[in-house]
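J.: 3D model of this:
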Amino acid sequence: MALGLALAIALSALLAKSGGAQEAVGTLQPTSLNWWQAFILGMVQGLTEFIPISSTAHLKVIPVMLGWGDPGVTFAATIQLGSIGAVLWFFWQDIVDLTRGAIAAFRKGTYEVMEFRIAVGIALGTLPIVACGLLLKKLVPDLDNSPIRSLTAIAIASIVMGILLGVAEKCGRRWRDFQQLSARDGVLMGLAQALALMPGVSRSGATITAGLFMGLERATAARFSFLLGIPAITLAGLVQFKTDVLDASVSSNELWVLLVGTLSAAVFSYGAIAWLIGYLQQQSTWVFVWYRVIFGGLILGGVALNWL
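T.: Down below sits the predicted model:
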């Protein structure tokens with residue numbers, strides 16, 4: 001359902017713009033959005049954050065297709081707080097069990113306990129994306145207008161990562177479950193997670209792909225991907241929120257727009273998480289492979305025909 005909705009929006013927008021060239025991509029701030037647009041973009045964020053099709057790419061492409069322009073990094077990072085609220089809500093018992101188990105294992109010195117292995121894996125797996133994110137922010141100060149956020153770059157990343165997911169689906173053995181996760185899995189999936197700093201890659205897509213290559217079951221790869229993403233998404237959202245909202249002069253209307261987008265993202269994120277885990281327990285990831293390739297192809301076509 002989520003995939004169909006996103007693709008329908010993309011297709012309808014492309015058709016609507018086929019009569020002529022569109023304005024160049026802008027860098028709209030949250031103040032440029034109204035509450036209804038914020039709700040729609042929150043829905044897009046929620047439906048695509050945890051499904052392996054790249055929320056950043058959809059938040060960049062879909063509003064541009066609809067003529068709203070690029071909402072920018074600030075809006076995208078802030079409404080991610082809704083997604084992190086959803087994943088905390090959905091996995092709250094898992095988080096409590098992992099935390100208690102890891103603390104108990106540390107005190108007893110039983111470091112082979114599953115909870116301790118997974119907790120260490122999440123901690124170590126968060127370091128690559130934090131380090132790369134800080135480096136990227138320093139090297140590319142104007143990230144909104146950098147080449148890595150161009151529509152062409154997003155399209156290529158979507159297609160390449162879709163193909164890699166297909167290879168992982170085809171070659172992965174899928175013999176390990178959640179009980180067999182190790183700290184090494186966290187480190188390797190964390191390295192893959194760092195690739196998501198480039199729009200179009202997809203954080204969940206990169207980590208699930210890595211998990212399949214490492215022999216994890218589909219649902220296990222997705223579940224661990226969500227848990228691994230909690231620190232990274234939280235840090236990104238809080239830092240951006242503090243820098244561009246709390247430390248800036250923000251009107252009540254601007255806060256209202258951000259709040260609507262964040263709440264919308266939370267509701268749709270929760271539904272997307274529940275749907276994806278259930279789906280991957282029974283089905284393969286091929287639907288996401290083809291979606292990514294088609295999505296990237298549509299973007300390249302739109303750019304080539306000056307529709308975007």
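J.: contacts and neighbour counts: CA atoms only from here.
T.: OK.
J.: can you pull out the low-pLDDT segments for the chain?
T.: Along the chain, the parts satisfying pLDDT under 70 run over 1-31, 143-144, 244-250.
J.: which ones are touching residue 85?
T.: Contact analysis of residue 85 by CA atoms under 8 Å, 6 or more residues apart in numbering lists residue 266.
J.: in what helix or strand does it lie?
T.: helix 72-90 (DSSP states H and E).
J.: secondary structure element for residue 134?
T.: helix 114-139.
J.: by contact count, what packs against that helix?
T.: helix 92-108, helix 183-194, helix 218-241 (3 or more CA pairs under 8 Å, 6 or more residues apart in numbering; DSSP states H and E).
J.: could you rerun that using 6 Å?
T.: Applying 3 or more CA pairs under 6 Å, 6 or more residues apart in numbering; DSSP states H and E, one finds that helix 114-139 contacts helix 92-108, helix 183-194.
J.: point out the most buried one among these.
T.: Of all the helices and strands packed on helix 114-139, helix 183-194 carries the top mean neighbour count, a mean of 23, counting by mean count of other CA atoms under 10 Å.
J.: which one is residue 215 nearest to, not counting chain neighbours?
T.: residue 174 (4.5 Å; CA to CA, 6 or more residues apart in numbering).
J.: for residue 166, same thing?
T.: residue 289 (5.8 Å).
J.: including distance to residue 297, could the helices and strands packed on helix 114-139 go into CSV?
T.: What follows is the helices and strands packed on helix 114-139, written out as CSV (distance: least, CA to CA, whole Å):
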stretch, distance to residue 297
helix 92-108, 38
helix 183-194, 23
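J.: tell me which of the ones you listed sits nearest to residue 137.
T.: Smallest distance to residue 137 across the helices and strands packed on helix 114-139 (CA to CA): 13.4 Å, for helix 183-194.
J.: can I assume the residue nearest to residue 215 is in contact with residue 217?
T.: Yes - at 4.3 Å, residue 174 and residue 217 qualify as touching, with contact defined as CA atoms under 6 Å.
J.: between those two, which one's more packed in?
T.: Applying other CA atoms under 10 Å to residue 174 and residue 217 shows that residue 217 carries more neighbours, namely 22 against 19.
J.: OK, contacts around the more buried one?
T.: 174, 176, 177 (CA atoms under 6 Å, 6 or more residues apart in numbering).
J.: return the distance of it relative to residue 294.
T.: 26 Å (CA to CA, to the nearest Å).
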